[in-house]
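Colleague: need a structure here:
(one chain, ligands or ions: 1)
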Amino acid sequence: MCRVPELRKTTDEKRVQPAGEYVLYWMTSARRTRYNFSLERAIEHSRALSKPLLVFEPLRIDYPWAAPRFHRFVIEGMQDQARAFADAGVTYFPFVERHEGEGSGLLEALASRACVVVTDLFPCSFYPRMIDAARLRIQVTLETVDSNGLMPVAGVDRHYSTAHSFRRLLQRELPTQLLTLPLAEPLSRLPRVPAAVVPPECLRRHPAVTADEFRDPGPLLTELHIDHEVSTVGLRGGERSGRIRLETFLHERLSRYAEARNHPEDPVTSGLSPWLHFGHLASAEVFARIIQIEDWDSSRLAQRASGSRAGWWGMSEAAEGYLDQLITWRELGFNLCDRVPHYDQFESLPDWARRTLEEHEGDTRTPSYRLQVFENAETHDPLWNAAQVQLRREGYIHNYLRMLWGKKVLHWASSPREAFEILVELNNKYALDGRDPNSYSAIGWIFGRFDRAWGPERPIFGKVRYMSSENTARKVRVRGYIRSYAE
Ligand SMILES: Cc1cc2nc3c(=O)[nH]c(=O)nc-3n(C[C@H](O)[C@H](O)[C@H](O)COP(=O)(O)OP(=O)(O)OC[C@H]3O[C@@H](n4cnc5c(N)ncnc54)[C@H](O)[C@@H]3O)c2cc1C
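Modeller: A predicted model of the protein is given here:
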């Protein structure tokens, strides 16, 4: 039976080759074994064809901002997958490219023996181009499958420019989408067939990550030409640590989320964005755990799709507040990247925001800083510097301070365009959850995206919402935070 919804699949004109040796799952962004529609779809093919599954998870060396911080997180994820796939009897081929171009030809070689190739859809960064290029080189059908959120990316017919209108769409559509969430344990549906064999010539030319390298990825990372300035952080990647963090959040923090989510000194937010970004954890799994804890079923949904933030789910205030971030705001980012060309550039901002910022482009900036001063946390503002130090050191800034962090770059950079570029650079270079649809949607928010015009009109910001460190310090406690990150 085919469970994976049509809206989540994109296929091509080529043929499935029943005589192939295996079904190939090319795992690129949904890097997990649970709640994964792509894996589920690959297993559907395996069952229909009675062919084994081969999972190929590569990590290229040349992606933008490649650094030990992100590489290590992905390799730790691979270690979890290696264990889970071995337990399930699935052949798993984790491959880390050691020099540029080393992996070229590998996907085609694996695909040449496959019945069909399944891969992940991720509408951001280099992924769409990479998949289009692969499609030209592969002889069998290549299916992309969307496991990104609760709402299929293709189920949203246009770009939504406000969270309110997007929420209203979700409130109309989710009751249907919730009927088909991905399976928690797709590996339980594997057919009983002998395991796939990785073609020996592929392994000879492209050795898989070894058990020693999984135990200690340090030497492997040292050998790679990636940005060693961006060092590893204390967080462990992978499904297992993501799940532990999720449970800690659900049991120790979620109940305080509604009233305390803006306080950086006593954080009650989940901290799950890196695991969501690398696909180690599915938002569907987070959702499934929340409805268990809330003892919820769809009979509690409100009848009317009003777009209101509270009251639609029929859950506790804390759970509704959290789901609004996890679903509305997170998936609004996927909609942006899917529907708005050049979402990563200043020019893609809404007209009103671009116009007002351009009208104030000539305003004097005092102080005015270049990238290097921001990057080195050398501004005059101790709160801003503390946030930047936290980003460099830990790959993270609490959401409330992250908004201030972004607004002040707009305030102090020499132009709004340069501010946009600086934010993309710093966010994506250092943040574990960077290079994500939410990187671009949230950076855009700094410049008015998804927001409305505010008065009074101010220098530099025009009608774009303003924030100041003084106001932030009045609203939330930051003294301890500044002390922790003073350099
Ligand atoms: C300038 C700026 C840059 C940002 N860059 C990124 C980024 O690169 N990657 C990223 O994932 N988020 C980014 N955000 C959004 C937000 O700061 C983070 O998602 C959030 O802080 C992650 O922490 P958490 O997991 O504890 O969030 P929680 O409060 O626990 O929220 C749960 C989940 O909802 C999603 N979410 C929460 N807030 C937002 C938001 N404002 N917009 C979109 N999704 C959200 C995240 O997936 C998050 O994990 C940025 C925000 C700003 C202001």
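Colleague: Please count neighbours and contacts with C-alpha atoms only from this point.
Modeller: Will do.
Colleague: Quick one: the strands in the stretch 1-150 of the chain, in order.
Modeller: Taking DSSP state E, counting those that start in this stretch as the test, the strands found in the stretch 1-150 of the chain are 9-10, 22-26, 53-59, 91-96, 114-120, 142-145.
Colleague: Using CSV, lay out those together with mean neighbour count and mean pLDDT.
Modeller: Listed next are these as CSV, based on neighbours: other Cα atoms under 10 Å; pLDDT from 0 to 100:
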stretch, mean neighbour count, mean pLDDT
strand 9-10, 18, 96
strand 22-26, 28, 98
strand 53-59, 23, 98
strand 91-96, 21, 98
strand 114-120, 27, 98
strand 142-145, 25, 98
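Colleague: so which of the ones you listed comes closest to Met78?
Modeller: strand 91-96 (6.6 Å; Cα to Cα).
Colleague: What are the contacting residues of the closest one?
Modeller: 53-61, 78, 82, 85-86, 195-198, 206-209 (Cα atoms under 8 Å, 6 or more residues apart in numbering).
Colleague: before we move on, what about stretch 339-350?
Modeller: 158-159, 336-337, 354, 417, 420-421, 424, 440, 444, 447-449.
Colleague: Okay, buried residues for that stretch please.
Modeller: Arg339, Tyr343, Asp344, Phe346, Leu349, Pro350 (16 or more other Cα atoms under 10 Å).
Colleague: Same check on stretch 98-106?
Modeller: So stretch 98-106, judged by 16+ other Cα under 10 Å, has buried residues Arg98, Gly103, Leu106.
Colleague: Kindly report the same for stretch 380-394.
Modeller: Judged by neighbour count (16+ other Cα under 10 Å), stretch 380-394 contains these buried residues: 382-394.
Colleague: any bit of the helix or strand harbouring Thr176 sitting next to the ligand?
Modeller: Per DSSP states H and E, Thr176 falls inside helix 163-177. No. Figure legend: helix 163-177 not in contact with the ligand (Cα under 6 Å from any ligand atom); closest approach 10.1 Å.
Colleague: Going forward, count from 4.
Modeller: I'll keep to 4 as the first residue from here, and by that count the last item is helix 166-180.
Colleague: send the alpha carbons of that helix over as CSV?
Modeller: Listed next in CSV are the C-alpha coordinates belonging to helix 166-180 (Å, rounded to 0.1, in the frame of the first residue of the first chain):
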residue,chain,number,x,y,z
ALA,A,166,2.1,34.6,9.7
HIS,A,167,-1.6,35.3,10.2
SER,A,168,-2.6,34.5,6.7
PHE,A,169,-0.4,31.4,6.6
ARG,A,170,-1.8,30.2,10.0
ARG,A,171,-5.3,30.6,8.6
LEU,A,172,-4.3,28.4,5.6
LEU,A,173,-2.8,25.8,8.0
GLN,A,174,-5.9,25.8,10.1
ARG,A,175,-7.9,25.0,7.0
GLU,A,176,-5.5,22.3,5.6
LEU,A,177,-3.9,20.6,8.6
PRO,A,178,-6.9,18.6,9.7
THR,A,179,-6.5,16.6,6.5
GLN,A,180,-2.7,16.6,6.6
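Colleague: ok, residues contacting it?
Modeller: Contacts for helix 166-180 (Cα under 8 Å, 6+ apart): 153-154, 163, 301, 308-312, 315, 331-332, 335, 453.
Colleague: before we move on, back to that, and the two most separated of the buried residues of stretch 383-397?
Modeller: That would be Pro385 and Glu397, which, of those, are the farthest apart (Cα to Cα) at 17.6 Å.
Colleague: for Arg307, what are its contacts?
Modeller: Shown in contact with Arg307 (Cα under 8 Å, 6+ apart): Trp315.
Colleague: Where does it sit: helix, strand or coil?
Modeller: Of the three states, Arg307 takes coil under DSSP: H, G, I helix; E, B strand; the rest coil.
Colleague: gap between it and the ligand?
Modeller: Distance of Arg307 to the ligand, given as Cα to the nearest ligand atom, to the nearest Å: 24 Å.
Colleague: Tell me how far that residue lies from Pro178.
Modeller: To Pro178, Arg307 is 12 Å away according to Cα to Cα, to the nearest Å.
Colleague: cool, and Arg373?
Modeller: 48 Å.
Colleague: how near is Arg312 to the ligand?
Modeller: With Cα to the nearest ligand atom as the criterion, Arg312 and the ligand are 14 Å apart.
Colleague: Tell me, how many residues neighbour the residue nearest to that residue when sequence neighbours are not counted?
Modeller: Distance criterion Cα to Cα, 6 or more residues apart in numbering; nearest residue to Arg312, sequence neighbours excluded, is Asp327 at 6.9 Å. Neighbour count for Asp327, taken as other Cα atoms under 10 Å: 18.
Colleague: does Asp327 really touch Ser311, like I thought?
Modeller: No. Between Asp327 and Ser311 there is no contact under Cα atoms under 8 Å: 10.1 Å.
Colleague: what's near enough to touch the residue positioned nearest the centre of the chain?
Modeller: Compute the mean C-alpha point of the chain, and by Cα atoms, centre = their mean the closest residue is His280, 2.4 Å away. Residues near His280 by Cα under 8 Å, 6+ apart: Asp436, Gly437, Asp439.
Colleague: try 10 Å this time
Modeller: Ser32, Ala33, Arg34, Asn151, Leu435, Asp436, Gly437, Arg438, Asp439, Pro440, Asn441 (Cα atoms under 10 Å, 6 or more residues apart in numbering).
Colleague: repeat for Tyr130
Modeller: Thr31, Ser32, Tyr66, Asp123, Leu124, Ala136.
Colleague: For ChimeraX, what selects the buried ones among these?
Modeller: Typed into ChimeraX, the line below selects the buried ones among the contacts of Tyr130, using 16+ other Cα under 10 Å:
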select :31,32,123,124
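Colleague: Make a markdown table out of the contacts of Tyr130 and add distance to the ligand.
Modeller: Formatted as a markdown table, the contacts of Tyr130 follow (distance: Cα to the nearest ligand atom, whole Å):
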| residue | distance to the ligand |
| --- | --- |
| Thr31 | 17 |
| Ser32 | 14 |
| Tyr66 | 16 |
| Asp123 | 18 |
| Leu124 | 17 |
| Ala136 | 26 |
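Colleague: possible to save the contacts of Tyr130 as TSV with distance to Val233?
Modeller: What follows is the contacts of Tyr130, written out as TSV (distance: Cα to Cα, whole Å):
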residue	distance to Val233
Thr31	22
Ser32	21
Tyr66	14
Asp123	27
Leu124	27
Ala136	29
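Colleague: and the chain, which of its residues are near the ligand?
Modeller: So far as Cα under 6 Å from any ligand atom goes, the chain lies against the ligand at 272-276, 328-329, 332-333, 401-402, 405-406, 409, 430, 436-439, 441-442, 445-446.
Colleague: Show me these that map onto helices.
Modeller: Per DSSP state H, helices hold the following members of the residues of the chain next to the ligand: Ser276, Arg333, Asn402, Arg405, Met406, Gly409, Asn430, Asn441, Ser442, Ala445, Ile446.
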